[in-house]
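# everything below, folded, please.
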Amino acid sequence: MPSFKITVAYDGTPFVGWQRQENGTSVQGLIEDALRDLDSREVTLHGAGRTDAGVHAIGQVASFALVRDDITPEVIVRSLNAKLPPEIRVREAEPAPATFHARFSATSKRYRYRILNAAVLDPFERAYAWHLFGALDLLAMAEAARYVEGRHDFAAFETAGAGGPTERVITCSTVIGPGTGGDDRGHDVGLVTYEIEGNGFLRHMVRAIVGTLVEIGRGRQPPEWMRDVIASRDRARAGRNAPAHGLFLVSVDYGVVQFRPDVA
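Okay, the predicted model is just below:
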């Protein structure tokens, strides 16, 4: 059975999230339905991350195996995109080793959160950025973001009751906007971007970090508060979850994995 890796972009606005659920339309469910038509059987799709309702993706990754051995990556892209709604597009497909798993083979993921800090909400951004009016102290937010980098226990940013280990390694945590020292070329006026990359993320972790950064940006807490919140391991100490619609899964990295068919 040939195995494949696909990279998917989607507008998460109309979906209940990535994962197939009993009620509502999911991204995974729609792609699995299209794969069933292609392979004439039920095909299980494994995603790199389970994005929530309203969360978007630029580079979500998924893996699956087919029974048919006459299907090329080009055919997969054309066939799936012909059956999927316009909010979902398979950007590319490539052969993968049978041992490859989109979730468990991943070495890091990158997320982006977009804030529109302006007096008036651009109607074309309403589903893709958190609108905040009132000036934000971006330098304070950028300083606070640096406390997130490194190996920490991020229990303070996990949804209560999720369970499981809460330690993660974050390799990049940066706020990009006017005056922060980041590369904000091409940014729209009033657009503030938070970029974070790490070896894994807890449920709602990025949104909780963004909510905490906004508290600091509004002057309600100093930048060092981020360090204290992390050390507390207490979800009640952190800021509220930022809205889902500002969050994007940007990319998933697999290190040295070679995406090519296994050789018999």
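# do a quick rundown of the strands in the stretch 51-200 of the chain.
For the stretch 51-200 of the chain, the strands defined by DSSP state E, counting those that start in this stretch occupy 56-65, 88-96, 108-117, 130-132, 150-153, 167-176, 191-198.
# can you put those in TSV and add distance to Arg240?
Backbone N, C-alpha and C define where each C-beta goes, glycine included. Output for these, formatted as TSV (distance: least, CB to CB, whole Å):
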stretch	distance to Arg240
strand 56-65	20
strand 88-96	29
strand 108-117	14
strand 130-132	11
strand 150-153	20
strand 167-176	18
strand 191-198	15
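# tabulate these (a markdown table), appending mean neighbour count.
Output for the strands of the stretch 51-200 of the chain, formatted as a markdown table (neighbours: other CB atoms under 10 Å):
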| stretch | mean neighbour count |
| --- | --- |
| strand 56-65 | 22 |
| strand 88-96 | 18 |
| strand 108-117 | 21 |
| strand 130-132 | 20 |
| strand 150-153 | 15 |
| strand 167-176 | 18 |
| strand 191-198 | 22 |
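# got CSV for these, with mean pLDDT too?
Shown next, in CSV, are the strands of the stretch 51-200 of the chain (pLDDT from 0 to 100):
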stretch, mean pLDDT
strand 56-65, 98
strand 88-96, 97
strand 108-117, 97
strand 130-132, 97
strand 150-153, 98
strand 167-176, 97
strand 191-198, 97
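# and of the ones you listed, who's closest to Arg237?
For those, the distance to Arg237 is smallest for strand 150-153, at 13.1 Å, taking CB to CB.
# and the closest one, what other elements does it pack with?
strand 167-176 (3 or more CB pairs under 8 Å, 6 or more residues apart in numbering; DSSP states H and E).
# go again using 10 Å as the cut-off
strand 167-176, strand 191-198, helix 225-232 (3 or more CB pairs under 10 Å, 6 or more residues apart in numbering; DSSP states H and E).
# got the ones you listed as TSV, with distance to Pro2 columns?
Shown next, in TSV, are the helices and strands packed on strand 150-153 (distance: least, CB to CB, whole Å):
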stretch	distance to Pro2
strand 167-176	33
strand 191-198	31
helix 225-232	44
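# for Phe133, which of the ones you listed is the nearest?
strand 191-198 (12.5 Å).
# sheet partners, orientation included, of the closest one?
strand 108-117 (antiparallel), strand 167-176 (antiparallel) (DSSP bridges).
# tell me which of the strands of the stretch 51-200 of the chain lies nearest to Gly161.
Of these, nearest to Gly161 by CB to CB is strand 150-153, at 16.7 Å.
# render the CA-only coordinates of that closest one in CSV, please.
Provided in CSV are the C-alpha atoms of strand 150-153 (Å, rounded to 0.1, in the frame of the first residue of the first chain):
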residue,chain,number,x,y,z
GLY,A,150,13.0,27.3,26.1
ARG,A,151,12.0,24.2,27.9
HIS,A,152,9.1,24.9,30.4
ASP,A,153,6.1,23.3,32.0
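# wait, doesn't Thr7 sit right on Val90?
Yes. The criterion here is CB atoms under 10 Å, and Thr7 meets it with Val90 at 7.3 Å.
# need the residues touching each of those two.
Counting by CB atoms under 10 Å, 6 or more residues apart in numbering, the contacts common to Thr7 and Val90 are 62, 77.
# pLDDT score for Thr180?
Thr180 is assigned a pLDDT of 71 by the prediction.
# ok, the nearest residue to it once chain neighbours are set aside - contacts?
The spatial neighbour of Thr180 that comes closest, neighbours along the chain excluded (CB to CB, 6 or more residues apart in numbering), is Ala142 at 4.5 Å. Contacts for Ala142 (CB under 10 Å, 6+ apart) come out as 173-177, 179-182, 192, 194, 213, 216-217, 223.
# what two of the residues you listed are the furthest from one another?
With distances taken as CB to CB, the most widely separated pair in the contacts of Ala142 is Ser173 and Gly179, at 17.9 Å.
# would you turn the strands paired with strand 191-198 into TSV with distance to Leu136?
What follows is the strands paired with strand 191-198, written out as TSV (distance: least, CB to CB, whole Å):
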stretch	distance to Leu136
strand 108-117	5
strand 167-176	9
